[in-house]
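>>> Can you look at this prediction? I've put the sequence above it.
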Amino acid sequence: MPQQPTPSATARDTIAALARPPRVEALGPIGGRFIHALRLIALHERVGRDPVPELAVRLGGVEIAAKALILAHAISANWPENIHVSRFCCRLMSHDEATIGAFVDAAARGDRLGFEDAVAGLIRPDRAPRLWENALALAAAELRAV
């Protein structure tokens, strides 16, 4: 019987890191707020309600709520599979949420390379500009509200 190869230390570390869900606190403020908005949008869509009124209250304005909803719909339209979101009250993120939060934070910093690294291999390159533009629009709305 052939012997199974032993994974390298790097492979074991990578697997262990994937097994530990990241926390929302690992994101910047704009990425973290968007993850909460994304969860709230998913909850409202499940029950067939418009999320904008509650988003506007929680996020501090209709413009931010609208930009968050536009970005959520753009992500949904371009993501390779259904987006997995955690419960609204949970501090742990799904891998989808961690990736989305990372690219939103990159856009908030104006870091196009960081954005592209976050979506590399997930989003077709011709679809990434729409997500970039919508993430920039959300970040701009958040910054105007400060």
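Thanks, I have the structure now.
>>> Mind checking what secondary structure the residue sitting nearest the centre point of the chain has?
Closest residue to the average C-alpha location of the chain: residue 100 at 2.1 Å, with CA atoms, centre = their mean. With DSSP: H, G, I helix; E, B strand; the rest coil as the basis, the three-state label of residue 100 is helix.
>>> in this protein, what spans have low per-residue confidence?
Along the chain, the parts satisfying pLDDT under 70 run over 1, 18.
>>> re the thing from before, residues contacting the residue nearest to the centre of the chain?
By CB atoms under 8 Å, 6 or more residues apart in numbering, the contact set of residue 100 is 31, 34-35, 38, 75, 83. All C-beta atoms are positioned from the backbone trio N, CA, C, and that covers glycine.
>>> just curious, which of the residues you listed is nearest to residue 90?
Of all the contacts of residue 100, residue 35 has the smallest distance to residue 90: 10.2 Å, by CB to CB.
>>> now that we have the contacts of residue 100, which one has the most neighbours?
Highest neighbour count within those: residue 34, with 32 neighbours (other CB atoms under 10 Å).
>>> how much space between the residue lying closest to that one once chain neighbours are set aside and residue 67?
With sequence-adjacent residues excluded and distances taken as CB to CB, 6 or more residues apart in numbering, residue 34 is closest to residue 104, at 4.8 Å. Counting by CB to CB, to the nearest Å, the gap from residue 104 to residue 67 is 11 Å.
>>> shared neighbours of those two, which are they?
Contacts common to residue 104 and residue 67, judged by CB under 8 Å, 6+ apart, are residue 138.
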